[in-house]
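Chemist: quick check, what structure comes out for this input:
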Amino acid sequence: MIFKKPLKNAILLLILIFISGCNIYKPVDSRKVPVNVNDRAEKNIQEGRGFRLFDDDKKNGGVFEFASSNPMWRASIKLLEFTPLSNVDYSGGIIITDWFSDEKKENVYTKITVRFFSNEVRADGVNIIVYKKVCDELNKCKTSKMASSLADEIKLAILKEAALIENNELTKRPDYKLPKFGNK
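Modeler: Numbering: from 1, shown residues only. A predicted model of the protein is given here:
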């Protein structure tokens, strides 16, 4: 009985030594593996794990535009400059204002969310949601979507301003020609 525990440990140690000596695990020296760097880079790009700088073919890249070149975005920012903005994400296509209130209505707050679906000036390229928060004297507030024409009015104002911005930029281009009307 006294020899059982040391005997178990010795047998376990002998099994481990035997297994490690059987050459089951063969480490590979990375210096000996032939590697074609160009093939590996191409494979990484195809799998989406890498990128190329100064590549002439644009098959792997996306089209990125800056916010200053998007008339819908610029019109929205210009229209909403009267209120503080809590979230502005051009790549995500969303503008969210902070809660703001009208001085005439106490304890009533408004929040506007503008979502962009397109870079083009189109009515279905933008969605406006207006939220209303009403608080009582105990500062218990109830928030809901505002069922009014305010969202439509904001959308129309953004579309008008975006059309003006786009038209103004179009007329500044050197290749712009005035459209001809009539039989001339």
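Chemist: let me know how buried the residue nearest to D89 when sequence neighbours are not counted is, in neighbour terms.
Modeler: The shortest distance from D89 to any non-neighbouring residue, by Cβ to Cβ, 6 or more residues apart in numbering, is to I95 (7.9 Å). Bear in mind the C-beta positions are built from the backbone N, C-alpha and C, glycine included. By other Cβ atoms under 10 Å, the residues close to I95 number 23.
Chemist: helix or strand for I95, which one?
Modeler: Here I95, judged by DSSP states H and E, is contained in strand 94-97.
Chemist: now swap in I11 and tell me
Modeler: helix 4-20.
Chemist: and that helix, average pLDDT?
Modeler: Over the span of helix 4-20, the pLDDT mean works out to 80.
Chemist: contacts for it?
Modeler: Applying Cβ atoms under 8 Å, 6 or more residues apart in numbering, helix 4-20 has no contact partners.
Chemist: next SSE after the helix or strand hosting I128?
Modeler: Using DSSP H and E, I128 sits within strand 126-135. Going down the chain from strand 126-135, the next helix or strand is strand 141-145, by DSSP H and E.
Chemist: now do that next one and strand 126-135, the angle between them.
Modeler: 160 degrees (axes from the mean of the first three to the mean of the last three Cα atoms, to 10 degrees).
Chemist: name the helices or strands packed onto strand 141-145?
Modeler: strand 126-135 (3 or more Cβ pairs under 8 Å, 6 or more residues apart in numbering; DSSP states H and E).
Chemist: CA atoms of the strand it packs on as CSV?
Modeler: Included here for strand 126-135 are C-alpha records, laid out as CSV according to Å, rounded to 0.1, in the frame of the first residue of the first chain:
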residue,chain,number,x,y,z
VAL,A,126,-33.3,60.0,-46.1
ASN,A,127,-35.6,59.1,-43.2
ILE,A,128,-36.5,61.4,-40.3
ILE,A,129,-37.8,60.3,-37.0
VAL,A,130,-38.8,62.9,-34.3
TYR,A,131,-39.1,61.8,-30.7
LYS,A,132,-41.0,63.7,-27.9
LYS,A,133,-40.2,63.5,-24.2
VAL,A,134,-42.6,64.9,-21.7
CYS,A,135,-41.5,65.1,-18.0
